[in-house]
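K.L.:
Turn this into a structure:
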Amino acid sequence: MIEIIKGDITKMEVDAVVNAANTSLLGGGGVDGAIHRAGGPAILDECRKIVARQGGCKVGEAVITAAGNLPARHVIHTVGPVWNGGKKKEAELLASAYRNSLQLAVEHSLRTIAFPNISTGVYRFPKPLAAEIALSTVQSFTVGFERIVFVCFDDENYDLYNRSLFAP
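P.N.:
Numbering: from 1, shown residues only. Modelled structure (predicted):
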């Protein structure tokens, strides 16, 4: 049920792709920029409505929109923490980002979901710790899902996730 692939999350045919968003929800770099570019203006339009209603998305929380031009049906936007040496509850906030994304998927009866490697790019979260948190959080929350995919953009994350998932 849990898969690890190296690829492009904007190409995933799943019920929802998870976007590693920022608190403004208005697009950015990395995964966030790629999802907004590939999905087109419909995603940004829905994000603006969420911002008008609730003022963005806090670190560790998640919101859902349609997926625009993406092959997925929905985008779940979650905000991972910026790494500050581990002294500001970054591990708990990263686990919360995964947990809240999964909970939102369950609430919308979604059965397949694809995650990027949240916070491991410009937010500088240590990749080995991020992989451990992502996999343990998802493994403890698998009820109701047919398929959970970790879409790794780089070889380092791909190797870390595979080693962590298939470790004895």
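
K.L.:
mind checking pLDDT for the one residue sitting closest to the centre of the chain?
P.N.:
Of all residues in the chain, the one closest to the mean position by Cα atoms, centre = their mean is residue 18, 3.6 Å from it. Looking at residue 18, its pLDDT stands at 98.

K.L.:
Give me the contact list for the particular helix or strand that has it in it.
P.N.:
Per DSSP states H and E: residue 18 is located in strand 16-21. Contact partners of strand 16-21, identified using Cβ atoms under 8 Å, 6 or more residues apart in numbering, comprise 9-10, 28, 30-32, 35, 57, 62, 64, 67, 70, 72-80, 101, 105, 108, 110, 112-119, 121, 151. C-beta coordinates here come from the backbone N, C-alpha and C atoms, glycine included.

K.L.:
Pairing partners for that strand, with directions?
P.N.:
Strand pairing for strand 16-21, determined by DSSP bridges: strand 74-79 (parallel), strand 112-115 (parallel).

K.L.:
Using CSV, list the CA coordinates for the first one.
P.N.:
I take that to be strand 74-79. Output of strand 74-79 as CSV, limited to C-alpha atoms (Å, rounded to 0.1, in the frame of the first residue of the first chain):
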residue,chain,number,x,y,z
HIS,A,74,-7.4,17.4,-5.5
VAL,A,75,-4.5,19.2,-4.0
ILE,A,76,-3.9,19.0,-0.2
HIS,A,77,-1.8,22.0,0.7
THR,A,78,0.2,21.6,3.9
VAL,A,79,2.9,23.7,5.5
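
K.L.:
following that strand, which helix or strand comes up?
P.N.:
Assigned by DSSP H and E, the successor of strand 74-79 is helix 90-107.

K.L.:
circling back to that earlier point, select, out of the strands paired with strand 16-21, the one closest to residue 5.
P.N.:
Nearest to residue 5 among the strands paired with strand 16-21 is strand 112-115; the distance by Cβ to Cβ comes to 8.7 Å.
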